[in-house]
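S.K.: For reference, the sequence and a predicted model appear below.
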Amino acid sequence: MSEEKLDISKKISLHFSRDVIRERYDEVAELLKRTLSFIKEETNLIKKDNLARGKLIVASEVRVSKNENDYWDIQDENLKYEITEKTPPEYWGDFNVLRENFISDIQNYPWMPVSISDFVIPF
């Protein structure tokens, strides 16, 4: 199997109401700039020292390989984050990009302390 270069990225989506943007644009913009700067600093620290841990950024291992059927095997268990009652409601921890329906395919919701259904392989 020939090596392929993977383009790996992390996407986030922030949603604000029109009123918030209209009334507090400068404050929101400044907080986003400071947060992104902080993330960049922590990322650079972790790149230099793989034992370092940040407040927002944590190094984690993910393994990706192509199997004999030309499908991707993704081992991303280290990225999972336990959802507890203290988890911020904005966090959707077990969201997987390979799912088709964002709402119905998730077993854990931030506002519910227990799993609504366990994933079971049907075969």
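M.R.: Okay, I see it. Numbers count the residues shown, from 1 in each chain.

S.K.: Please make it C-alpha for all contacts and neighbour counts, starting now.
M.R.: OK.

S.K.: tell me the SS of K40?
M.R.: Secondary structure assignment for K40 (DSSP: H, G, I helix; E, B strand; the rest coil): helix.

S.K.: And E77, what's its pLDDT?
M.R.: E77 carries a pLDDT value of 75.

S.K.: Can you tell me, leaving aside adjacent residues, what's nearest to it?
M.R.: V62 (7.7 Å; CA to CA, 6 or more residues apart in numbering).

S.K.: Distance check, the one you found against R22.
M.R.: 40 Å (CA to CA, to the nearest Å).

S.K.: Same question for E68.
M.R.: Note on E68: its distance to R22, by CA to CA, is 53 Å.

S.K.: residue ranges for the strands of this structure, please.
M.R.: 63-66, 72-75 (DSSP state E).

S.K.: Which among the ones you listed is found nearest to N44?
M.R.: Across the strands of the chain, N44 has its closest neighbour in strand 63-66 (21.6 Å, CA to CA).

S.K.: Each with direction, which strands does the closest one pair with?
M.R.: Sheet pairing of strand 63-66 (DSSP bridges) gives strand 72-75 (antiparallel).

S.K.: Which helix or strand in the chain has the lowest average pLDDT?
M.R.: When each helix and strand of the chain is scored by mean pLDDT, DSSP states H and E, strand 72-75 comes last, with a mean of 81.

S.K.: Outside of that strand itself, list whatever touches it.
M.R.: Here strand 72-75 makes contact (CA atoms under 8 Å, 6 or more residues apart in numbering) with V62, R63, V64, S65, K66, N67.

S.K.: Next: stretch 12-20.
M.R.: With CA under 8 Å, 6+ apart, stretch 12-20 has no contacts at all.

S.K.: For that stretch, give the mean pLDDT please.
M.R.: For stretch 12-20, mean pLDDT is 86.

S.K.: rewinding a little: output the contacts of strand 72-75 as JSON lines; include the columns distance to L79.
M.R.: Converted to JSON lines, the contacts of strand 72-75 look like this (distance: CA to CA, whole Å):
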{"residue": "V62", "distance to L79": "8"}
{"residue": "R63", "distance to L79": "11"}
{"residue": "V64", "distance to L79": "13"}
{"residue": "S65", "distance to L79": "17"}
{"residue": "K66", "distance to L79": "20"}
{"residue": "N67", "distance to L79": "21"}
